[in-house]
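Colleague: sequence below, structure please.
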Amino acid sequence: MSNKLIFQNARKTILRVLTIGLVLLTTIVMLTSGGNQVFAYEFDYEFNPEDPNVSLIKTFTGVRHETVRNIDDIVYFSSTNYPNGTGTNAYGYEVAVNDKGFIIEKNVNALMPEGGFIVSGHGVNANALQALELGDIIFYDKLKAEIKVYRHNLYSPLASAYFNYEAALGYFNNAQSNLYDFDLEGTQAVLDDISSRLQTMASYDTGEQLTTQEIVQLTLNKTRIIDLSNEVQYRTLPFRKVEAVAMWHRPTVASLTYAGTIAFLDRIKEAGVNVLLVEALWNSYPIYESEVAETQPLMKIVGVDVFGPEYGNDYLLCLITEAHKRGIEVHAWSQTMRGGTSNNGSVSDIPSHLKPEWIQRNYQGGLTFDGPMMYLDPANPEVVEHLKAIYREMVLKYDWDGIELDYIRYPYSNLPSYVSNSSTNNLTDGGYTTYAMNEFLASIGKTGANLRELIKTNPEVRRQWTEYRASKITNMVDELSKLIRELKPQLDISMAVAASHLEAKTNYMQDWMSWVQTGWIDTFRPMAYLGSVDQIERFAKQYVNLANQLSALEMGLGSAYEGYPAIVNQLQMEATYVNKGIGSAIFASQQIFSIGSPSKAVQESFKAMKLHTARYEKISPYDHIKTIIDGSMDYLLDKIDRLYAPAGNFNNRDTLKAIINNVKKVELKSPSDYPDLEDALLNLKAYNSATPNESIKARINEDLDYLLHIIDLRINRALINKGYWNGKGERPDITTLEFEEFENLNPTPDDELPKEGCLSFLNCSESDLASITGIIGTISLLFFAIRRKRYE
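Modeller: Purely as a prediction, here's the structure:
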């Protein structure tokens, strides 16, 4: 069973329990589940708006009934007509209400409760729904097109606490039954704490009006139970040993001192971040002393040895060196086409190192877009040369692990939806420099014409104008990627791009999928700053398929930045991973770090990452292939002994361990040896197919599939970056081609294996050895035949 199905089934089971959870008033019951005490509380509450413990907290008017959800709408959907959910997009928020009127789920796309309904909102109404709490009571009046939301001083917090507890039990049981690697005893202790608090809350159910002090205590316990339930979910999500956990970082988020830099790096290390994307070209300004452009004003360091005697006043030298000491890669996040900011649209605000004619104009003739932003004109050859000089200096000046191109696009344009001869007051479109307009008009045989007038009247010209500008951005990517590759071939070249590749092409002139499919880019990061886990899953699945293993996917995630709960980010990371993304990039560092006292949201985001992402030490998929394989195999061996063997029904354990140790012995001198490693892992996966315990088999296969995915990417990138392949047609046989040998490669010594059992071919009895040799020999012949077929 895939992880997606496991999580979906667990979620549905939990919601079924919650939907029927509020029934006949009986008693408090203590049950057990996996050695864990389970609190069960059943009650029957007949809603009475005159009850002194009830208060009206919110009224929604203009509620629409079972229709399309538009801007700022609030819509009611019944389980009768929408049993599978509302089908709305990811740009709103919903609450699910059970047949008793209690809110039992809050989500971007909620599951429909049996016999209940969903209230779905967009814009201001989405924000209002998000502010409601589990356990709030909702009544819908169709005739009045009105929804009233009530809160009961006892039953609302008690229901909320109980629903969260039921959910926590579901997470725990799901992780335990599927053999996820988590702290079982620690998580049980958290569940016991929740159970104890629930008993205390239930003791207030005496039929009397609650005192102010009792209401305060109920609220405190409810809030703590919600926090503890979230903690259980963080603790029980699957841990992934090899995964990119990238994070965008604006330097001023941390104190610009040596102590501030160290505190920041230690914090993100504790959260599991292993790739830092630092804003090195910020709004057209480098953040370091440059001979090409003015230094970013906010990064002009004043003082002596601000970053200590070793680094002087060089922030990036300090950051990169200290990050590498902590096993954190540092990539230069660069805002390629940004040209400064201007609050009043004045030419005088253009940075001194840029020429006014390099700055784009909008259709109306102004300088700014998206508020105060200014953009460079990629059509101008002088701009191309200026940016090449910027990147040449940036690449050579510091010990980067990669370079990321961001804002490699035009500002957003609504030109595709413009109707000929309509008002242009709200037309948003860029690129109207003298150079670009003249060149474009000449290219379509209309030299001297008025481009703005043609745009207003001629749809064919509008189409050509869009294509012209897209070609200029594509040319810029080609020029910069070639330059970086020539200067430092080992650097990872990545790009941060619009979430939708279709919208990117038509509205930003950013044809990024073609760049992926031509092999120019090593890693791409679609910026999907949404609250929907399902939408991230759809994006990841679609883009990995379209990329066809020519470039690696990291989904750009910004749910915390957009104000969604911390758990959403963790679930989106998992959705990316199980759909063959190599990891995720989180926007941004301020979500887990602050100079002063961190907000509750910052604390919660950090806690979520620490308990899930950083549960154990991770390995970056950008690391040396030998480090990745040895670390993965050691972790797998550890899980076999510590986690899988105690689960039972695992009689091929010793032989699997022997084969795993042999994977570590595959000789890796250059990329030409990748297929040998691939075959060794395929052999291991084939033998794992005989593992009788289905959960063990599934967990091992997940690890192996990810490694095979990484190796396939490595083969493709090695061929493309060396110039042996352009990503089209049949892939060459990498074993027949010349590559430089890996640097700093130390062969792994033979591991000393335990003496008991058949743990290596040398320790096996003759009969065991004959049996195993026969199995592996057959499997090897099969996969070598497949390999020959693949490369012929």
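
Colleague: what about the helices in the stretch 301-450 of the chain?
Modeller: Using DSSP state H, counting those that start in this stretch, the helices of the stretch 301-450 of the chain run over 315-325, 381-397, 434-443.

Colleague: please produce CSV containing these, extended by mean pLDDT, distance to Val419 and mean neighbour count.
Modeller: C-beta: built from backbone N, CA, C; applies to glycine. Output for the helices of the stretch 301-450 of the chain, formatted as CSV (pLDDT from 0 to 100; distance: least, Cβ to Cβ, whole Å; neighbours: other Cβ atoms under 10 Å):
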stretch, mean pLDDT, distance to Val419, mean neighbour count
helix 315-325, 99, 49, 20
helix 381-397, 99, 32, 18
helix 434-443, 99, 22, 16
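
Colleague: same list (the ones you listed) but as CSV, adding distance to Ile710.
Modeller: Putting the helices of the stretch 301-450 of the chain into CSV (distance: least, Cβ to Cβ, whole Å) gives the following:
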stretch, distance to Ile710
helix 315-325, 22
helix 381-397, 25
helix 434-443, 42
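
Colleague: for Asn125, which of the ones you listed is the nearest?
Modeller: Smallest distance to Asn125 across the helices of the stretch 301-450 of the chain (Cβ to Cβ): 42.1 Å, for helix 434-443.

Colleague: outside of the next helix or strand after that closest one itself, list whatever touches it.
Modeller: As assigned by DSSP states H and E, the chain's next helix or strand after helix 434-443 is helix 451-457. By Cβ atoms under 8 Å, 6 or more residues apart in numbering, the list of residues contacting helix 451-457 from outside reads 363, 415, 418, 420-421, 424, 429, 432, 437, 440-441, 446, 461-462, 465.

Colleague: any quick ChimeraX command for the buried ones out of the residues you listed?
Modeller: Here is the ChimeraX selection string for the buried members of those, based on 16 or more other Cβ atoms under 10 Å:
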select :363,415,418,429,432,437,440,441,461,462,465
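
Colleague: for Gly563, which of the helices of the stretch 301-450 of the chain is the nearest?
Modeller: It is, among those and with distance given as Cβ to Cβ, helix 315-325, at 28.5 Å.

Colleague: re earlier: so which of the helices of the stretch 301-450 of the chain gets nearest Tyr724?
Modeller: Shortest distance between Tyr724 and the helices of the stretch 301-450 of the chain, using Cβ to Cβ, is found for helix 381-397: 23.4 Å.

Colleague: and the closest one with helix 315-325, angle?
Modeller: Here helix 381-397 runs at an angle of 50 degrees relative to helix 315-325 (axes from the mean of the first three to the mean of the last three Cα atoms, to 10 degrees).

Colleague: now helix 381-397, how far from the chain's geometric center?
Modeller: For helix 381-397, the separation from the chain centroid amounts to 30 Å (computed by Cα atoms, centre = their mean, to the nearest Å).

Colleague: from the contact counts, what lies against it?
Modeller: If you count contacts as 3 or more Cβ pairs under 8 Å, 6 or more residues apart in numbering; DSSP states H and E, helix 381-397 packs onto strand 275-282, strand 285-286, strand 329-335, strand 402-406, helix 459-487.

Colleague: how does it look with 6 Å?
Modeller: Counting contacts by 3 or more Cβ pairs under 6 Å, 6 or more residues apart in numbering; DSSP states H and E, helix 381-397 packs against helix 459-487.

Colleague: and the next helix or strand past the helix it packs on?
Modeller: Toward the C-terminus, helix 459-487 is succeeded by strand 492-498 as the next helix or strand (DSSP H and E).

Colleague: adjacent strands (with direction) for that following strand?
Modeller: strand 402-406 (parallel), strand 523-528 (parallel) (DSSP bridges).

Colleague: make a markdown table out of those strands and add mean pLDDT and mean neighbour count.
Modeller: Formatted as a markdown table, those follow (pLDDT from 0 to 100; neighbours: other Cβ atoms under 10 Å):
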| stretch | mean pLDDT | mean neighbour count |
| --- | --- | --- |
| strand 402-406 | 99 | 26 |
| strand 523-528 | 99 | 24 |
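
Colleague: JSON lines please, covering the ones you listed and showing distance to Tyr635.
Modeller: Shown next, in JSON lines, are the strands paired with strand 492-498 (distance: least, Cβ to Cβ, whole Å):
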{"stretch": "strand 402-406", "distance to Tyr635": "25"}
{"stretch": "strand 523-528", "distance to Tyr635": "24"}
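
Colleague: those: which one's closest to Asp72?
Modeller: Closest to Asp72 of the strands paired with strand 492-498, according to Cβ to Cβ: strand 523-528, at 22.4 Å.

Colleague: CA atoms only: put that closest one into CSV for me.
Modeller: Taking Å, rounded to 0.1, in the frame of the first residue of the first chain, the C-alpha atoms of strand 523-528 are listed here in CSV:
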residue,chain,number,x,y,z
THR,A,523,17.0,21.3,-10.1
PHE,A,524,13.7,23.2,-10.4
ARG,A,525,11.5,24.6,-7.5
PRO,A,526,7.9,25.5,-8.4
MET,A,527,6.8,28.0,-5.8
ALA,A,528,3.4,26.6,-4.7
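
Colleague: angle of that strand against strand 275-282?
Modeller: Taking the same axes, to 10 degrees, one finds strand 523-528 and strand 275-282 inclined to each other by 80 degrees.

Colleague: for the helices of the stretch 301-450 of the chain, which one sits closest to Ala126?
Modeller: Proximity to Ala126, assessed across those by Cβ to Cβ, is greatest for helix 315-325 (38.0 Å).

Colleague: gap between that closest one and the chain center?
Modeller: Distance of helix 315-325 from the chain centroid (Cα atoms, centre = their mean) equals 25 Å.

Colleague: what's it in contact with?
Modeller: For helix 315-325, the external contacting residues (Cβ atoms under 6 Å, 6 or more residues apart in numbering) are Thr261, Leu265, Leu276, Tyr288, Phe307, Tyr311, Val330, Tyr398, Asp399.

Colleague: tell me how many other residues surround Ala96.
Modeller: Neighbour count for Ala96, taken as other Cβ atoms under 10 Å: 27.

Colleague: ok, now how distant is it from Arg538?
Modeller: To Arg538, Ala96 is 21 Å away according to Cβ to Cβ, to the nearest Å.

Colleague: likewise Met394?
Modeller: Applying Cβ to Cβ, the value for Met394 to Arg538 is 35 Å.

Colleague: ok, His386 next?
Modeller: Relative to Arg538, His386 is positioned 39 Å away (Cβ to Cβ).

Colleague: how about Glu270?
Modeller: Distance, Glu270 to Arg538, by Cβ to Cβ: 32 Å.

Colleague: quick one: the helix or strand hosting Arg699 to chain centroid distance?
Modeller: Using DSSP H and E, the element containing Arg699 is helix 694-721. Helix 694-721 sits 19 Å away from the centroid of its parent chain (Cα atoms, centre = their mean).

Colleague: before we move on, the earlier item: quick check on the contacts of helix 315-325: which are buried?
Modeller: By 16+ other Cβ under 10 Å, those give Thr261, Leu265, Leu276, Tyr288, Phe307, Tyr311, Val330, Tyr398 as buried.

Colleague: and the fifth one, how far from Leu319?
Modeller: Phe307 is 9 Å from Leu319, where distance means Cβ to Cβ.
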